[in-house]
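J.: A structural model of the following input is requested.
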Amino acid sequence: MSYSNHEQGEGFSVLQLNSELRHAQFELVSAHCAIHQLRLRYSLEDIARFGRRDVLRKSAQAASALHEFYLGISERIRGNNSEPSSAPQSTEE
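T.: Just a heads-up that it's a prediction; the model follows:
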């Protein structure tokens, strides 16, 4: 896959946006793996009962905020499917 290095969004570099998006995806996958390991070792009941309340609350707030953010993106993607795409298209080399 390759993208034009000269593509520009509205006042930003599309290449930079996609680089940051890949970095965020990597961090999300890492967090998902960490949570999966917790789920394998401890029951939800144990986590809720013995986990630090502040950590659980902040983690739940972060997860909710991420869910809302990506839900908004998903809705925009579905809405944009009826319009011609302005996003850079990947090309197979």
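
J.: now the helices: where do they sit in the chain?
T.: Remark: helices assigned in the chain by DSSP state H are 14-41, 44-50, 53-80.

J.: Go through those and name the closest to Glu7.
T.: Nearest of those to Glu7, taken as Cβ to Cβ: helix 14-41 at 4.2 Å. No exception for glycine: its C-beta is placed from N, CA and C like everyone else's.

J.: Between helix 53-80 and the closest one, find me the angle.
T.: Inter-element angle recorded for helix 14-41 and helix 53-80: 130 degrees (by axes from the mean of the first three to the mean of the last three Cα atoms, to 10 degrees).

J.: For the helices of the chain, could you give me a markdown table that also reports mean pLDDT?
T.: Below are the helices of the chain laid out as a markdown table (pLDDT from 0 to 100):
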| stretch | mean pLDDT |
| --- | --- |
| helix 14-41 | 97 |
| helix 44-50 | 97 |
| helix 53-80 | 96 |
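
J.: As JSON lines, those helices with mean neighbour count and distance to Gln8 would be great.
T.: What follows is the helices of the chain, written out as JSON lines (neighbours: other Cβ atoms under 10 Å; distance: least, Cβ to Cβ, whole Å):
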{"stretch": "helix 14-41", "mean neighbour count": "11", "distance to Gln8": "6"}
{"stretch": "helix 44-50", "mean neighbour count": "10", "distance to Gln8": "45"}
{"stretch": "helix 53-80", "mean neighbour count": "10", "distance to Gln8": "19"}
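
J.: Could I get those helices in TSV, plus columns for distance to Glu7?
T.: Formatted as TSV, the helices of the chain follow (distance: least, Cβ to Cβ, whole Å):
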stretch	distance to Glu7
helix 14-41	4
helix 44-50	44
helix 53-80	17
